[in-house]
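Asker: Just a sequence and a predicted model for now, questions to come.
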Amino acid sequence: PKFAIFSRFKLGIGPRMFMAFAGTAMLTVVASGVSVYGLNRVGGALSEVTRISVPSIMAALQLAEQSSAIAAAAPAFKDAKTADHLGAQKKRLGEKLAEVDANIDAIKESGVAPDAANNLMTLRGKISTSLDRLERLIRKGHTLEGQRNASIKEILKGQKAFDALIAPMLDDANFDLEIN
């Protein structure tokens, strides 16, 4: 006997088909329950990623963009020829640094990587310190350039006075040489 359990009860084809369909239905219900549980877990993980990771990734991308803008603005800051131009460039860099601060705060608030946010704040502080030092050096350079230009004017004035004083003497010396 192939199927001894069925032969003992002498079930016909109808009850056998009913039991087969009932077994299939139960397996479907169990598989559905497992899939719902799995999808809920996947949904929770996806929710976690979109709630925490995506905002911090966006903040990091904006931070990279702003860092590039600061790096691109630095040569204009360095090449400022007047105090007004230097002040305008410093204001522009200050605005960019404020945007950087906002993005670092967003990364901190996301709670993804607090150590990374602290490192970013440290680097931001170093950038600010370096820009302040660069500004002082540029202002000192402007002061030295002004002093150099004033010194050159004084030297040229002295040269003209010397030329005015020595020219008649040279003419007299040439005249005396030609006569003798």
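Answerer: Arrived safely.

Asker: number of nearby residues for Met58?
Answerer: The local packing of Met58 (other C-beta atoms under 10 Å) involves 14 other residues. C-beta coordinates here come from the backbone N, C-alpha and C atoms, glycine included.

Asker: quick one: buried residues of the helix or strand hosting it?
Answerer: Of the helices and strands defined by DSSP states H and E, Met58 is found in helix 54-78. By 16 or more other C-beta atoms under 10 Å, the buried positions in helix 54-78 come out as Ser56, Ala59, Ala60, Gln62, Leu63, Gln66, Ser67, Ala69, Ile70, Ala73, Ala74, Phe77.

Asker: Turn those into TSV, columns for distance to Leu11.
Answerer: Formatted as TSV, those follow (distance: C-beta to C-beta, whole Å):
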residue	distance to Leu11
Ser56	63
Ala59	68
Ala60	67
Gln62	71
Leu63	72
Gln66	77
Ser67	77
Ala69	80
Ile70	82
Ala73	87
Ala74	88
Phe77	92
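
Asker: quick one: pLDDT of the closest residue to Gln89 other than its chain neighbours?
Answerer: Leaving aside its sequence neighbours, Gln89 sits nearest to Phe77 (C-beta to C-beta, 6 or more residues apart in numbering; 4.3 Å). Among the per-residue scores, Phe77 shows a pLDDT of 76.

Asker: Relative to Arg92, how far out is Phe77?
Answerer: Distance from Phe77 to Arg92, counting by C-beta to C-beta, to the nearest Å: 8 Å.

Asker: which residues touch Asn118?
Answerer: Contacts for Asn118 were tallied using C-beta atoms under 8 Å, 6 or more residues apart in numbering; there are none.
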